[in-house]
Structures are given as structure tokens and as C-alpha cells.
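Chemist: How does the following fold in three dimensions:
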Amino acid sequence: MKGSGLIVALDLPSRDEALSLCDRLEGACDFFKVGLELFISEGPRIINDLRERNLKVFLDLKLHDIPNQVANSCRRIVGLGVDMFTLHTQGGREMMSLAREAALSEADKLGLAPPKILGVTVLTSLSEPDLIELGRTTSLQEEVVTLARLAKESGLSGLVASPFEIYKIKKVVDDEMLIVTPGIRLSGEEKDDQKRSMGPKEAVASGATHLVVGRPIIKADDPLKKAKEILKIMEGAKA
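Modeler: Below you'll find the predicted structure:
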């Protein structure tokens, strides 16, 4: 369903498996996430494969390095023609600002629409005790809000965050900022390694603009049926 806000994570090891899933979801889903595993396995050709099928691509590599390295990487990503990509907000203001400038400059040079740049706040696999172990002295929510504000001031297009923090995030960013939420699970489903997950209805009601769903669809006996079930819940939450 075009424009539904559902992004299916192609968290699979091979091109054949990823494209097979896209085929099974044809007509229901047109936006797919390519993460580290698939990109390292198949390289840029998987992006080309998806674009040739007129599918939208979210490249989720979570860039985090010195500003110059990230800026140059952003230029190469723009050339791939993706619709969205991620970097870590913990890379800091200079890294995010240079990334944005590089992406805009390269898009203008190539005559392409600039991709949306999303800042990852705190991974949904982390909990409050994990942050304490990492030496953080602020609460998890305070950490997310601080990073969200920094991403906004650095000119990013959106954020990747748990639905549990969206209410507070919306107090420091404007309505134009995308909020992409991973780790979505339906009632009764295994949470796997997700520690701050929520259902699709609750996530959309909280203000998420896009939901990223991987394993619940990939592992389903009937992925298309599962995707349609999630889409129906999302539509109901928007009504």
C-alpha cells in the first residue's frame, strides 16, 4: 500500500531471499529497508535491484565516524538513489551538519532529489541499565530528547526512535520531522532482542510517521497476510 508508512526490513542474508520477499509482498508494500547484513553481503547492486522494481529504499547503515568520513560516505550514498538513510546522532553536531551539506551538494550535482537523512537516537535494543553501564548519567528519555534536539539543529530530516520517547521528542522538533520507529511487535509475538518495542497501533497513535517491521513479517508463515494485518492496524490507528 503506497504511502502507508510501513517499511519492511529486508533483514536477510542474500539478494535472492530479499527479492523473493519483495515479490511475495507485491501490491501491499513498496518501501523496504536494507540493513548492514544485506548490504555487506550484496553491495550496492541490491539497491539497484529494488529501484528497478520501482520500490522505495531505506538504507540503514547507521553511519558513525569522523565528520569527513561520514560526509564522503553520504556523497556515495546519494549516488545510489536511495530515499532515506541513517547516521548516529551520537556522532555529534559537526558530523551531522557536514553529512547534510554533503548530501545536498551531491544531490544537486547529480540532479537527484536529496534523500532524507535520519538520525538514530538510542537503539531500541538498549534499556536504561544498558545506558548506565555505558556511563550515562541522564535518563534514557533525557538522552533521546537531547539527541533529537541536536539532530534538528543539525538539519536532519527525521529521527529513528522508540515509540516510548515520541511524546517527548515532539516537544523539541517540528511536525515536519519524520519519526521512524523500529522494533514493532504484535501482541503475543517474541520481542527477540528488542527492549523498547510497541505494537503498530500504539506506535502510530504515539506519532510515528513510519514503522519498520522485519522479523514478524519475515518469519510469518504467510508474510503477505502478516503485512496486510499490520497495515490494517496502522490504518485503524490513523482513523
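Chemist: C-terminal to the lengthiest strand in the chain, what's the next element?
Modeler: Ranked by residue count, the top strand of the chain under DSSP state E comes out as strand 56-63. Going down the chain from strand 56-63, the next helix or strand is helix 67-80, by DSSP states H and E.
Chemist: Packing partners of the helix or strand following that next one?
Modeler: Downstream of helix 67-80, the first helix or strand assigned by DSSP H and E is strand 84-88. On a contact count with 3 or more Cβ pairs under 8 Å, 6 or more residues apart in numbering; DSSP states H and E, strand 84-88 meets strand 56-63, helix 67-80, helix 93-110, strand 116-120. Just so you know, the C-beta spots here come from the backbone N, C-alpha and C atoms, and that holds for glycine as well.
Chemist: Please, which helix or strand holds the residue lying farthest from the centre of the chain?
Modeler: Farthest-out residue of the chain from its mean C-alpha position, per Cα atoms, centre = their mean: residue 137, at 26.7 Å. Using DSSP H and E, residue 137 is not contained in any helix or strand.
Chemist: contacting residues for it?
Modeler: If you count contacts by Cβ atoms under 8 Å, 6 or more residues apart in numbering, residue 137 has none.
Chemist: sorry, back to before: turn the helices and strands packed on strand 84-88 into TSV, columns for mean pLDDT and mean neighbour count.
Modeler: As requested, the helices and strands packed on strand 84-88 are arranged in TSV below (pLDDT from 0 to 100; neighbours: other Cβ atoms under 10 Å):
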stretch	mean pLDDT	mean neighbour count
strand 56-63	97	21
helix 67-80	98	18
helix 93-110	98	18
strand 116-120	97	24
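Chemist: Nearest to residue 209, out of those?
Modeler: Ranking those by their distance to residue 209 (criterion: Cβ to Cβ) puts strand 116-120 first, at 10.4 Å.
Chemist: Pull the residues that contact the closest one.
Modeler: With Cβ under 8 Å, 6+ apart as the test, strand 116-120 has contacts from 62, 74, 83-89, 96, 99-100, 103, 147-148, 150-151, 154, 156-160, 178, 180.
Chemist: got the angle between it and strand 56-63?
Modeler: 40 degrees (axes from the mean of the first three to the mean of the last three Cα atoms, to 10 degrees).
Chemist: what angle separates strand 116-120 from strand 84-88?
Modeler: 30 degrees.
Chemist: which residues touch the helix or strand immediately after strand 116-120 in the chain?
Modeler: Counting by DSSP H and E, the next helix or strand C-terminal to strand 116-120 is helix 128-133. Applying Cβ under 8 Å, 6+ apart, the contact partners of helix 128-133 are 122, 139, 140, 143, 195.
Chemist: and with 7 Å instead?
Modeler: Applying Cβ atoms under 7 Å, 6 or more residues apart in numbering, the set of residues contacting helix 128-133 from outside is 139, 140, 143.
Chemist: Just the buried ones among the residues you listed, please.
Modeler: 140, 143 (16 or more other Cβ atoms under 10 Å).
Chemist: returning to that earlier point: just the CA coordinates of the longest strand of the chain, formatted as CSV?
Modeler: What follows is strand 56-63 as a C-alpha-only set of coordinates in CSV (Å, rounded to 0.1, in the frame of the first residue of the first chain):
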residue,chain,number,x,y,z
LYS,A,56,11.5,2.8,-2.3
VAL,A,57,14.7,2.2,-0.4
PHE,A,58,15.7,3.0,3.2
LEU,A,59,19.4,2.3,3.6
ASP,A,60,20.1,1.7,7.3
LEU,A,61,23.8,1.6,7.7
LYS,A,62,23.9,3.9,10.8
LEU,A,63,27.0,5.9,9.9
